[in-house]
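Trainee: Here is a sequence with its predicted model. Questions after.
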Amino acid sequence: MSSTLINLYGLTRADLVVLTTGWGLSAVHAARLWKYLYLDTPRDFSAMDELPARMRERLEAEATAGMLPIARETHSGDGFTRKYLLALNDAHRIETVLMRYTGRTTACISSQVGCAMGCVFCATGQMGYTRHLTAGEIVAQAVHVDRVLRHTVAENPALAEVDHPSPHHRHERLRNIVLMGMGEPLHNYDAVMKAVEILCDGAGMGLSAKKITLSTVGVVPGIHRMTDEKRQMRLAVSLHGATQAARAALVPAARAWPLDALMDACRRYTTTLDRRIFFEWTLIEGKNDGPDDAHAVGALLQGMQAQVNLIPLNPTSGYAGVPSLGGQAKRFQEILAGYGLPSTVRQRRGIDIGAGCGQLAVAETTNTG
Ligand code: SF4
(Lines give C-alpha, C1' and ligand atoms only; values in the text may rest on other atoms or scores of the structure.)
Protein backbone atom coordinates (compact mmCIF):
# COMPACT_ATOMS: atom_id res chain seq x y z
CA MET A 1 0.00 0.00 0.00
CA SER A 2 1.49 3.31 -1.02
CA SER A 3 1.80 5.82 1.83
CA THR A 4 0.81 8.58 -0.61
CA LEU A 5 -2.74 7.26 -0.73
CA ILE A 6 -5.28 9.22 1.31
CA ASN A 7 -6.50 7.13 4.25
CA LEU A 8 -10.24 7.76 4.28
CA TYR A 9 -10.50 6.67 7.93
CA GLY A 10 -8.36 9.65 8.85
CA LEU A 11 -10.89 12.14 7.45
CA THR A 12 -13.80 13.73 9.25
CA ARG A 13 -17.08 13.83 7.35
CA ALA A 14 -16.40 17.51 6.56
CA ASP A 15 -12.92 16.58 5.25
CA LEU A 16 -14.52 13.97 3.01
CA VAL A 17 -16.92 16.52 1.54
CA VAL A 18 -13.99 18.83 0.80
CA LEU A 19 -12.12 15.97 -0.89
CA THR A 20 -14.96 14.78 -3.09
CA THR A 21 -16.28 18.21 -4.01
CA GLY A 22 -12.71 19.06 -4.97
CA TRP A 23 -13.01 16.17 -7.41
CA GLY A 24 -16.13 17.80 -8.87
CA LEU A 25 -18.53 15.39 -7.14
CA SER A 26 -21.49 16.31 -4.97
CA ALA A 27 -21.66 16.20 -1.17
CA VAL A 28 -24.37 13.55 -1.53
CA HIS A 29 -21.75 11.16 -2.83
CA ALA A 30 -19.48 11.99 0.09
CA ALA A 31 -22.35 11.11 2.43
CA ARG A 32 -22.87 7.76 0.68
CA LEU A 33 -19.15 6.99 0.86
CA TRP A 34 -19.18 7.81 4.58
CA LYS A 35 -21.95 5.25 5.10
CA TYR A 36 -20.01 2.64 3.16
CA LEU A 37 -17.01 3.25 5.40
CA TYR A 38 -18.83 2.98 8.74
CA LEU A 39 -22.17 1.26 8.25
CA ASP A 40 -21.59 -1.23 5.45
CA THR A 41 -18.71 -3.58 4.86
CA PRO A 42 -17.96 -3.43 1.13
CA ARG A 43 -15.08 -5.59 -0.03
CA ASP A 44 -13.38 -2.69 -1.79
CA PHE A 45 -14.20 0.46 -3.75
CA SER A 46 -15.46 -1.54 -6.73
CA ALA A 47 -18.23 -2.96 -4.51
CA MET A 48 -19.49 0.54 -3.65
CA ASP A 49 -21.95 0.38 -6.51
CA GLU A 50 -24.05 3.34 -5.39
CA LEU A 51 -21.13 5.65 -6.14
CA PRO A 52 -20.59 7.01 -9.66
CA ALA A 53 -18.02 5.04 -11.65
CA ARG A 54 -15.69 8.03 -11.96
CA MET A 55 -15.70 8.48 -8.18
CA ARG A 56 -14.81 4.82 -7.66
CA GLU A 57 -11.97 5.16 -10.17
CA ARG A 58 -10.66 8.24 -8.39
CA LEU A 59 -10.85 6.47 -5.04
CA GLU A 60 -8.99 3.43 -6.42
CA ALA A 61 -6.21 5.68 -7.71
CA GLU A 62 -5.83 8.10 -4.82
CA ALA A 63 -7.30 6.69 -1.62
CA THR A 64 -7.44 3.68 0.64
CA ALA A 65 -10.14 2.54 3.01
CA GLY A 66 -7.27 1.87 5.35
CA MET A 67 -8.38 -1.34 7.07
CA LEU A 68 -5.47 -2.92 8.91
CA PRO A 69 -4.77 -6.55 7.91
CA ILE A 70 -4.82 -9.09 10.75
CA ALA A 71 -1.32 -10.52 11.22
CA ARG A 72 -2.42 -12.75 14.09
CA GLU A 73 -5.57 -13.37 16.12
CA THR A 74 -5.62 -15.03 19.54
CA HIS A 75 -8.57 -15.93 21.79
CA SER A 76 -8.33 -16.22 25.57
CA GLY A 77 -9.17 -19.54 27.19
CA ASP A 78 -12.06 -17.97 29.11
CA GLY A 79 -13.71 -16.93 25.82
CA PHE A 80 -14.07 -13.29 26.89
CA THR A 81 -11.10 -11.70 25.14
CA ARG A 82 -9.71 -11.63 21.62
CA LYS A 83 -6.43 -9.99 20.72
CA TYR A 84 -5.58 -8.81 17.21
CA LEU A 85 -2.12 -8.07 15.94
CA LEU A 86 -2.78 -5.60 13.13
CA ALA A 87 -0.29 -4.73 10.40
CA LEU A 88 0.41 -1.08 9.55
CA ASN A 89 1.51 -0.06 6.09
CA ASP A 90 5.15 0.45 7.15
CA ALA A 91 5.69 -3.06 8.53
CA HIS A 92 5.08 -2.03 12.14
CA ARG A 93 2.36 -3.77 14.06
CA ILE A 94 -0.01 -2.87 16.86
CA GLU A 95 -2.32 -4.75 19.17
CA THR A 96 -6.05 -4.19 19.59
CA VAL A 97 -8.18 -6.11 22.07
CA LEU A 98 -11.89 -6.98 22.04
CA MET A 99 -13.33 -7.68 25.48
CA ARG A 100 -16.79 -9.13 26.01
CA TYR A 101 -17.78 -9.26 29.64
CA THR A 102 -19.86 -7.63 32.35
CA GLY A 103 -22.70 -7.36 29.88
CA ARG A 104 -20.93 -5.25 27.29
CA THR A 105 -18.29 -5.23 24.62
CA THR A 106 -15.30 -2.94 24.67
CA ALA A 107 -12.40 -2.33 22.30
CA CYS A 108 -9.01 -1.54 23.79
CA ILE A 109 -7.29 0.64 21.19
CA SER A 110 -3.64 1.57 20.69
CA SER A 111 -2.49 5.14 20.05
CA GLN A 112 1.23 4.63 19.32
CA VAL A 113 3.68 1.97 18.15
CA GLY A 114 5.45 1.34 21.45
CA CYS A 115 5.52 4.04 24.12
CA ALA A 116 8.01 6.61 25.38
CA MET A 117 6.74 6.64 28.98
CA GLY A 118 8.67 3.59 30.18
CA CYS A 119 6.43 2.41 33.04
CA VAL A 120 8.53 -0.39 34.51
CA PHE A 121 5.82 -3.05 34.68
CA CYS A 122 4.41 -2.44 31.18
CA ALA A 123 5.34 -4.55 28.18
CA THR A 124 4.69 -1.65 25.80
CA GLY A 125 6.95 0.62 27.83
CA GLN A 126 9.60 -2.09 27.76
CA MET A 127 9.48 -1.92 23.91
CA GLY A 128 10.33 1.78 23.75
CA TYR A 129 8.75 4.31 21.40
CA THR A 130 8.63 3.88 17.62
CA ARG A 131 6.02 6.33 16.29
CA HIS A 132 2.61 7.91 16.74
CA LEU A 133 -0.38 6.33 15.05
CA THR A 134 -2.32 8.50 12.62
CA ALA A 135 -5.97 9.31 13.29
CA GLY A 136 -6.86 6.90 10.48
CA GLU A 137 -4.92 4.06 12.12
CA ILE A 138 -6.69 4.70 15.42
CA VAL A 139 -10.13 4.83 13.79
CA ALA A 140 -9.40 1.68 11.74
CA GLN A 141 -8.89 -0.34 14.95
CA ALA A 142 -12.39 0.58 16.16
CA VAL A 143 -13.90 -0.16 12.74
CA HIS A 144 -12.12 -3.52 12.76
CA VAL A 145 -13.61 -4.49 16.14
CA ASP A 146 -17.05 -3.22 15.10
CA ARG A 147 -16.94 -5.43 12.02
CA VAL A 148 -15.81 -8.43 14.08
CA LEU A 149 -18.78 -7.92 16.40
CA ARG A 150 -21.26 -7.62 13.58
CA HIS A 151 -19.95 -10.74 11.88
CA THR A 152 -19.74 -12.69 15.12
CA VAL A 153 -23.35 -11.95 15.91
CA ALA A 154 -24.43 -12.63 12.34
CA GLU A 155 -22.79 -16.06 12.60
CA ASN A 156 -24.13 -16.78 16.08
CA PRO A 157 -27.23 -14.71 16.96
CA ALA A 158 -27.33 -16.23 20.46
CA LEU A 159 -24.38 -13.99 21.32
CA ALA A 160 -26.52 -10.92 20.79
CA GLU A 161 -28.95 -12.20 23.42
CA VAL A 162 -26.16 -12.20 25.99
CA ASP A 163 -25.36 -8.55 25.69
CA HIS A 164 -28.65 -7.20 24.43
CA PRO A 165 -31.81 -9.07 25.40
CA SER A 166 -33.84 -6.72 23.23
CA PRO A 167 -34.57 -8.02 19.73
CA HIS A 168 -33.83 -4.47 18.49
CA HIS A 169 -30.16 -5.05 19.22
CA ARG A 170 -29.53 -8.29 17.40
CA HIS A 171 -26.93 -6.58 15.23
CA GLU A 172 -24.31 -5.81 17.81
CA ARG A 173 -22.21 -2.71 17.36
CA LEU A 174 -19.18 -1.45 19.20
CA ARG A 175 -20.25 1.00 21.89
CA ASN A 176 -17.33 1.26 24.33
CA ILE A 177 -13.71 2.12 23.71
CA VAL A 178 -10.80 2.38 26.10
CA LEU A 179 -7.66 4.13 24.88
CA MET A 180 -5.56 1.87 27.06
CA GLY A 181 -3.72 -0.13 24.43
CA MET A 182 -0.18 0.49 23.29
CA GLY A 183 1.01 4.07 23.78
CA GLU A 184 0.25 7.21 25.79
CA PRO A 185 -2.75 8.89 24.10
CA LEU A 186 -1.99 12.38 25.42
CA HIS A 187 1.49 12.13 23.82
CA ASN A 188 -0.36 11.85 20.49
CA TYR A 189 -3.09 14.36 21.36
CA ASP A 190 -4.15 15.74 17.98
CA ALA A 191 -4.46 12.37 16.24
CA VAL A 192 -6.34 10.85 19.18
CA MET A 193 -8.83 13.71 19.41
CA LYS A 194 -9.41 13.71 15.66
CA ALA A 195 -10.06 9.95 15.80
CA VAL A 196 -12.56 10.47 18.65
CA GLU A 197 -14.34 13.15 16.61
CA ILE A 198 -14.60 10.77 13.65
CA LEU A 199 -15.81 7.84 15.80
CA CYS A 200 -18.46 10.00 17.48
CA ASP A 201 -19.95 11.27 14.22
CA GLY A 202 -23.64 10.39 14.46
CA ALA A 203 -23.87 9.59 10.75
CA GLY A 204 -21.15 6.92 11.07
CA MET A 205 -19.99 4.89 14.06
CA GLY A 206 -22.05 7.17 16.30
CA LEU A 207 -20.15 6.43 19.49
CA SER A 208 -20.80 8.53 22.58
CA ALA A 209 -17.70 10.35 23.84
CA LYS A 210 -18.88 9.45 27.34
CA LYS A 211 -18.31 5.78 26.49
CA ILE A 212 -14.73 6.40 25.42
CA THR A 213 -12.15 6.27 28.21
CA LEU A 214 -8.77 7.88 27.71
CA SER A 215 -6.10 6.51 30.03
CA THR A 216 -3.02 8.61 30.69
CA VAL A 217 0.08 8.08 32.76
CA GLY A 218 -0.27 11.71 33.83
CA VAL A 219 0.73 13.99 30.96
CA VAL A 220 -0.14 17.21 32.75
CA PRO A 221 -0.29 19.59 29.72
CA GLY A 222 -2.65 17.13 27.98
CA ILE A 223 -5.00 17.03 30.99
CA HIS A 224 -5.10 20.84 31.06
CA ARG A 225 -5.83 20.88 27.34
CA MET A 226 -8.68 18.39 27.77
CA THR A 227 -10.09 20.65 30.49
CA ASP A 228 -9.77 23.80 28.37
CA GLU A 229 -11.37 22.08 25.39
CA LYS A 230 -14.12 20.57 27.59
CA ARG A 231 -13.54 17.08 26.22
CA GLN A 232 -16.43 14.78 27.07
CA MET A 233 -14.53 11.48 27.25
CA ARG A 234 -13.92 9.68 30.53
CA LEU A 235 -10.47 10.28 31.94
CA ALA A 236 -8.40 7.61 33.70
CA VAL A 237 -5.09 8.55 35.33
CA SER A 238 -2.49 5.92 36.21
CA LEU A 239 -1.33 6.71 39.73
CA HIS A 240 0.42 3.58 41.11
CA GLY A 241 2.29 5.55 43.81
CA ALA A 242 0.91 8.14 46.26
CA THR A 243 4.17 10.00 46.86
CA GLN A 244 6.44 11.55 44.25
CA ALA A 245 9.29 9.14 45.06
CA ALA A 246 7.13 5.99 45.07
CA ARG A 247 5.41 7.01 41.86
CA ALA A 248 8.58 8.00 40.01
CA ALA A 249 10.08 4.57 40.78
CA LEU A 250 7.28 2.89 38.80
CA VAL A 251 6.37 5.64 36.33
CA PRO A 252 9.43 7.52 34.99
CA ALA A 253 7.14 10.13 33.40
CA ALA A 254 6.48 11.37 36.95
CA ARG A 255 9.90 13.05 36.82
CA ALA A 256 8.68 15.27 33.98
CA TRP A 257 5.23 15.80 35.52
CA PRO A 258 5.53 15.58 39.33
CA LEU A 259 2.70 14.41 41.54
CA ASP A 260 1.83 17.91 42.81
CA ALA A 261 1.40 19.27 39.29
CA LEU A 262 -0.58 16.16 38.30
CA MET A 263 -2.98 16.52 41.23
CA ASP A 264 -3.45 20.23 40.46
CA ALA A 265 -4.35 19.33 36.87
CA CYS A 266 -6.74 16.59 38.04
CA ARG A 267 -8.50 18.87 40.53
CA ARG A 268 -8.88 21.56 37.87
CA TYR A 269 -10.36 18.95 35.49
CA THR A 270 -12.91 17.64 38.00
CA THR A 271 -14.01 21.07 39.21
CA THR A 272 -14.09 22.80 35.82
CA LEU A 273 -15.89 19.99 34.03
CA ASP A 274 -17.76 18.65 37.08
CA ARG A 275 -16.52 15.21 36.10
CA ARG A 276 -15.08 12.26 37.94
CA ILE A 277 -11.58 10.91 37.28
CA PHE A 278 -10.78 7.20 37.43
CA PHE A 279 -7.43 6.60 39.11
CA GLU A 280 -5.71 3.36 38.14
CA TRP A 281 -3.61 1.58 40.74
CA THR A 282 -1.63 -1.51 39.77
CA LEU A 283 -1.36 -3.70 42.87
CA ILE A 284 2.15 -5.10 43.23
CA GLU A 285 2.71 -7.41 46.18
CA GLY A 286 4.85 -5.89 48.89
CA LYS A 287 5.42 -2.73 46.86
CA ASN A 288 2.26 -0.63 46.86
CA ASP A 289 -0.50 -2.88 48.21
CA GLY A 290 -0.28 -2.31 51.98
CA PRO A 291 -2.55 -0.40 54.38
CA ASP A 292 -0.11 2.55 54.46
CA ASP A 293 -0.33 2.81 50.67
CA ALA A 294 -4.12 2.74 50.81
CA HIS A 295 -4.21 5.48 53.45
CA ALA A 296 -1.82 7.59 51.35
CA VAL A 297 -4.10 7.23 48.31
CA GLY A 298 -7.11 8.05 50.44
CA ALA A 299 -5.50 11.20 51.82
CA LEU A 300 -4.35 12.26 48.34
CA LEU A 301 -7.75 11.88 46.66
CA GLN A 302 -10.12 12.65 49.53
CA GLY A 303 -12.74 15.20 48.53
CA MET A 304 -12.18 14.78 44.80
CA GLN A 305 -14.70 13.39 42.36
CA ALA A 306 -12.68 10.21 42.00
CA GLN A 307 -12.93 6.46 41.71
CA VAL A 308 -9.98 4.12 42.18
CA ASN A 309 -9.59 1.09 39.94
CA LEU A 310 -7.33 -1.53 41.50
CA ILE A 311 -5.58 -3.79 38.98
CA PRO A 312 -3.56 -6.76 40.25
CA LEU A 313 -0.30 -6.64 38.29
CA ASN A 314 -0.30 -8.58 35.04
CA PRO A 315 2.92 -10.47 34.30
CA THR A 316 5.43 -9.21 31.74
CA SER A 317 8.85 -10.62 30.92
CA GLY A 318 10.69 -7.39 31.76
CA TYR A 319 9.44 -6.92 35.32
CA ALA A 320 9.85 -9.26 38.27
CA GLY A 321 7.01 -7.88 40.45
CA VAL A 322 4.24 -10.17 41.68
CA PRO A 323 0.48 -9.44 41.60
CA SER A 324 -1.42 -8.98 44.86
CA LEU A 325 -3.91 -11.83 44.69
CA GLY A 326 -4.61 -12.35 48.39
CA GLY A 327 -6.84 -10.14 50.48
CA GLN A 328 -4.87 -6.96 49.81
CA ALA A 329 -7.31 -5.59 47.24
CA LYS A 330 -10.29 -6.00 49.57
CA ARG A 331 -8.42 -4.38 52.47
CA PHE A 332 -7.31 -1.54 50.16
CA GLN A 333 -10.92 -0.97 49.14
CA GLU A 334 -12.11 -0.87 52.77
CA ILE A 335 -9.52 1.77 53.62
CA LEU A 336 -10.42 3.87 50.57
CA ALA A 337 -14.10 3.64 51.51
CA GLY A 338 -13.17 5.24 54.83
CA TYR A 339 -12.03 8.29 52.84
CA GLY A 340 -15.29 8.34 50.89
CA LEU A 341 -13.64 6.94 47.77
CA PRO A 342 -15.44 4.33 45.65
CA SER A 343 -13.24 1.66 44.12
CA THR A 344 -13.32 -1.45 41.95
CA VAL A 345 -11.00 -4.39 41.45
CA ARG A 346 -10.50 -5.06 37.76
CA GLN A 347 -11.27 -8.61 36.67
CA ARG A 348 -8.22 -10.39 35.35
CA ARG A 349 -9.08 -11.31 31.77
CA GLY A 350 -7.04 -12.22 28.73
CA ILE A 351 -3.87 -12.79 30.77
CA ASP A 352 -3.17 -16.10 29.01
CA ILE A 353 -2.91 -14.32 25.63
CA GLY A 354 -1.02 -11.26 26.90
CA ALA A 355 -4.07 -9.03 26.45
CA GLY A 356 -4.33 -7.74 30.02
CA CYS A 357 -3.48 -4.22 31.14
CA GLY A 358 0.21 -3.50 30.61
CA GLN A 359 0.77 -6.67 28.59
CA LEU A 360 0.45 -5.37 25.03
CA ALA A 361 3.67 -5.48 23.08
CA VAL A 362 4.88 -6.49 19.68
CA ALA A 363 8.18 -8.18 19.01
CA GLU A 364 9.24 -6.10 16.02
CA THR A 365 11.38 -8.90 14.66
CA THR A 366 8.56 -11.43 14.77
CA ASN A 367 7.12 -12.33 11.41
CA THR A 368 3.66 -13.56 12.17
CA GLY A 369 2.06 -12.76 8.85
S1 SF4 B 1 1.46 1.89 31.01
FE2 SF4 B 1 0.76 3.18 29.28
S3 SF4 B 1 2.02 5.02 29.45
FE4 SF4 B 1 3.06 3.47 30.70
S5 SF4 B 1 4.56 2.54 29.30
FE6 SF4 B 1 2.67 1.30 29.20
S7 SF4 B 1 1.56 2.12 27.44
FE8 SF4 B 1 3.08 3.65 28.02
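Mentor: Perfect, thanks for sending it. Numbers count the residues shown, from 1 in each chain.

Trainee: Could you use CA atoms for every contact and neighbour count after this?
Mentor: Fine.

Trainee: what sits up against stretch 13-23?
Mentor: By CA atoms under 8 Å, 6 or more residues apart in numbering, the residues outside stretch 13-23 that reach it are 8, 26-27, 29-31, 34, 198, 201.

Trainee: Mind checking which of the residues you listed are buried?
Mentor: 8, 27, 29-31, 34, 198, 201 (16 or more other CA atoms under 10 Å).

Trainee: what's near enough to touch the closest residue to the ligand within the chain?
Mentor: The nearest approach of the chain to the ligand comes at Gly125, 3.4 Å away (CA to the nearest ligand atom). The contact partners of Gly125, by CA under 8 Å, 6+ apart, come to 114-119, 183.

Trainee: Within reach of the ligand, which of those residues are there?
Mentor: 115, 117-119, 183 (CA under 6 Å from any ligand atom).

Trainee: quick one: which of the residues you listed is most hemmed in?
Mentor: Gly183 (33 neighbours; other CA atoms under 10 Å).

Trainee: Excluding residues flanking it in the chain, which one is nearest His144?
Mentor: Spatial nearest neighbour of His144, chain neighbours left out: Met67 (7.1 Å); criterion: CA to CA, 6 or more residues apart in numbering.

Trainee: I'd say that neighbour and Ala140 touch.
Mentor: Yes. Met67 is within contact range of Ala140, at 5.7 Å (criterion: CA atoms under 8 Å).

Trainee: related to what we said a few turns ago, select, from the contacts of Gly125, the two members most distant in space.
Mentor: Gly114 and Cys119 (11.7 Å; CA to CA).

Trainee: ok, the residue nearest to His144 - contacts?
Mentor: Going by CA under 8 Å, 6+ apart, Met67 touches 140-141, 144.

Trainee: And the nearest residue to Leu341 once chain neighbours are set aside, its phi and psi?
Mentor: Nearest residue to Leu341 in three dimensions, chain neighbours excluded: Gln307, at 6.1 Å (CA to CA, 6+ apart). Main-chain dihedrals, Gln307, degrees, to the nearest 10: phi -130, psi 140.

Trainee: Also Gly22?
Mentor: When read as degrees, to the nearest 10, the backbone of Gly22 gives phi -60, psi -20.

Trainee: Against which helices or strands is the lengthiest strand in the chain packed?
Mentor: The longest strand of the chain (DSSP state E) is strand 93-101. Strand 93-101 sits against strand 81-87, strand 104-108, strand 112-114, with contacts defined as 3 or more CA pairs under 8 Å, 6 or more residues apart in numbering; DSSP states H and E.

Trainee: For the longest one, which outside residues touch it?
Mentor: If you take CA under 8 Å, 6+ apart as the criterion, strand 81-87 is touched by 68-76, 93-100, 349-350, 353, 355.

Trainee: at 6 Å what do you get?
Mentor: Residues outside strand 81-87 that contact it (CA atoms under 6 Å, 6 or more residues apart in numbering) are 68-75, 93-99, 350.

Trainee: Of those residues, just the buried ones, PyMOL syntax please.
Mentor: Here is the PyMOL command that selects the buried residues among the contacts of strand 81-87 (16+ other CA under 10 Å):
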select buried, resi 68+70+71+74+75+93+94+95+96+97+98+99+350
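
Trainee: picking that back up, can you give me the distance of the residue of the chain closest to the ligand to Gly118?
Mentor: 4 Å (CA to CA, to the nearest Å).

Trainee: Check Pro42 too.
Mentor: Distance, Pro42 to Gly118, by CA to CA: 40 Å.

Trainee: Which helix or strand contains Asp49?
Mentor: Under the criterion DSSP states H and E, no helix or strand holds Asp49.

Trainee: Need phi/psi at it.
Mentor: phi -80, psi 0.

Trainee: residues contacting it?
Mentor: Neighbours of Asp49 in contact, by CA under 6 Å, 6+ apart: none.

Trainee: So that it lines up with my notes, have the first residue be 485 from now on.
Mentor: Sure, I'll start counting at 485 from here, so that last one is Asp533.

Trainee: what does this structure have sitting close to the ligand?
Mentor: Residues of the chain lying close to the ligand (CA under 6 Å from any ligand atom) are 599, 601-603, 606, 608-609, 666-668, 701, 842.

Trainee: switch to 5 Å and redo it
Mentor: Residues of the chain that fall close to the ligand, judged by CA under 5 Å from any ligand atom: 599, 601-603, 606, 608-609, 666-668, 701.

Trainee: Looking at those, which are in helices?
Mentor: 608-609 (DSSP state H).
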